[in-house]
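Visitor: Quick one, fold the following:
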Amino acid sequence: MKGTKSDKKADTKLSVKKTAKGKTAKDPNKPKRPAGPFFIFMEGFRKQFKEDNPNNKSVAAVGKAGGAAWKAMSDADKQPYVDKAEKRKKDYEKTLASYNKKLVSGGDNDDDSDKSKSEVNDEDDEEGSEEDEDEE
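Guide: Coordinates of the predicted model:
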C-alpha cells in the first residue's frame, strides 16, 4: 500500500509539470513594476551596510538590519523614498501605457505571439522526434 501512495505522489508531481507547460509565456518587453519605498531605501542601505561590515556575507543579516532601520525611521525620514517611489510609479504608468498602445495598435502582435508559441512548440516537437529517432 505504501508503494501505491508514492506512485500517486509521483503522478501528481508529473501532472504539475504538465500544467506548467500549458501556461502562457510572459512578454519580456513588458515594463517591470517599480520598487516600493522600502526597496528604494534598501538600495542605499545595502551599500552602506557593506562598507560598515565588510566581513559580513549574510544576506539575511543585511535584510534584518535594513528592516529594523526602516521601522525605526519616522514618516518624515521615509518621505524621500516615498517620493522616489511615486515618481518611479508615474514613469512606469507612462511606459506601460505606451506599451499597451503598441500592443493595441499593432493588432497582429497577438498573432505574432501565437506564431512564436507554435514555433517553440514545433522546435520541441522536432527535438522530441529526434530523440525518438535516436531511440529506434
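Visitor: Distance check, Asn100 against Asp52.
Guide: Distance, Asn100 to Asp52, using CB to CB, to the nearest Å: 44 Å. Glycine gets a C-beta too; all of them are placed from N, C-alpha and C.
Visitor: Between the two, which has more neighbouring residues?
Guide: With neighbours defined as other CB atoms under 10 Å, Asn100 and Asp52 compare such that Asn100 has more, 12 against 9.
Visitor: Could you list the buried residues of the helix or strand harbouring the more buried one?
Guide: According to DSSP states H and E, Asn100 maps onto helix 75-106. Within helix 75-106, the residues scored as buried using 16 or more other CB atoms under 10 Å are 81, 84-85, 88.
Visitor: can you list those residues in a markdown table and add distance to Ala72 and pLDDT?
Guide: Below are the buried residues of helix 75-106 laid out as a markdown table (distance: CB to CB, whole Å; pLDDT from 0 to 100):
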| residue | distance to Ala72 | pLDDT |
| --- | --- | --- |
| Tyr81 | 14 | 97 |
| Lys84 | 19 | 96 |
| Ala85 | 19 | 97 |
| Arg88 | 24 | 96 |
